[in-house]
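**Student:** What follows is a predicted protein model with its sequence.
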Amino acid sequence: MSVDGFIARANDTFDFLDAGGGGGEPHGFDEFMASVDALVMGRRTYDVVRPFPTWPYGDKPVFVLSSKPLASAPAGAVVHRMSGTPAQIVSRLAARGFRHLYVDGAMTVQRFLDAGLITRIVLNRVPVLIGAGISLFGPLRDDVGLEHVATREYKGGLVQSEYKVLPRRRKKTRQRKVKAGSTRVARRAGT
């Protein structure tokens, strides 16, 4: 992503990612992919990645979230269509033996994060600001706490930060008593 948090331009292009790519310098992607059982991505991400000259996921199973039929998969790609809530999808994939999922695509990441189903985030930031585009993160019902695991710097300027997603804590509701006539009313603090 860009330093200002965009994973693609508004038109789904990401030419700016070459700004800190390090000229092919390895950033651990191959090792990460080897640890993944399957990928889960949204249809928009699939439609962007599908025409690449080389399918980037090899024969790793890819589950595309869509309620409509998909365009044909590239040669050698293992692509399946799924729909449902993030919890339903994780449950179905776990029943099939898929435990370590790579969730990709802004809307899909946002939905899974909001559902509390993301346990680890690895962010690769290239040294460029693009000002606008598709943000990886969006609105959340509650704050999501992160624990910093590691940050690595690469010669080309790319900075990779890894975080553990902390279990959600319910916001404590402080009660205060307010007199309204002869009736006491409990109100949420800050309202």
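**Tutor:** Perfect, thanks for sending it. Numbers count the residues shown, from 1 in each chain.
**Student:** all strands of the protein, in order?
**Tutor:** Using DSSP state E, the strands of the chain run over 6-8, 38-42, 61-65, 78-82, 101-104, 120-125, 134-135, 146-153, 159-165, 175-180, 183-188.
**Student:** By mean pLDDT, show me the worst of these.
**Tutor:** Of all the strands of the chain, mean pLDDT reaches its minimum on strand 183-188 (a mean of 39).
**Student:** residues contacting residue 169?
**Tutor:** Shown in contact with residue 169 (CB atoms under 8 Å, 6 or more residues apart in numbering): residue 145. Heads up, the C-betas are built off the backbone N, CA and C, glycines and all.
**Student:** burial count for the closest residue to residue 99 other than its chain neighbours?
**Tutor:** Excluding its sequence neighbours, the residue lying closest to residue 99 (CB to CB, 6 or more residues apart in numbering) is residue 37, at 5.7 Å. Burial of residue 37 is recorded as 15 neighbouring residues (other CB atoms under 10 Å).
**Student:** and stretch 53-67, C-alpha only, in CSV?
**Tutor:** Extracted as CSV, the C-alpha positions of stretch 53-67 are listed here (Å, rounded to 0.1, in the frame of the first residue of the first chain):
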residue,chain,number,x,y,z
PRO,A,53,0.0,-12.5,-17.3
THR,A,54,0.9,-15.0,-14.5
TRP,A,55,-1.7,-16.2,-11.9
PRO,A,56,0.1,-15.1,-8.6
TYR,A,57,-1.3,-17.8,-6.4
GLY,A,58,-0.2,-20.9,-8.3
ASP,A,59,-2.4,-23.9,-7.4
LYS,A,60,-3.4,-22.5,-4.0
PRO,A,61,-7.2,-22.7,-3.6
VAL,A,62,-8.8,-19.3,-4.1
PHE,A,63,-12.3,-18.6,-2.8
VAL,A,64,-14.0,-15.6,-4.5
LEU,A,65,-16.9,-14.0,-2.6
SER,A,66,-19.7,-13.4,-5.1
SER,A,67,-23.3,-14.1,-5.4
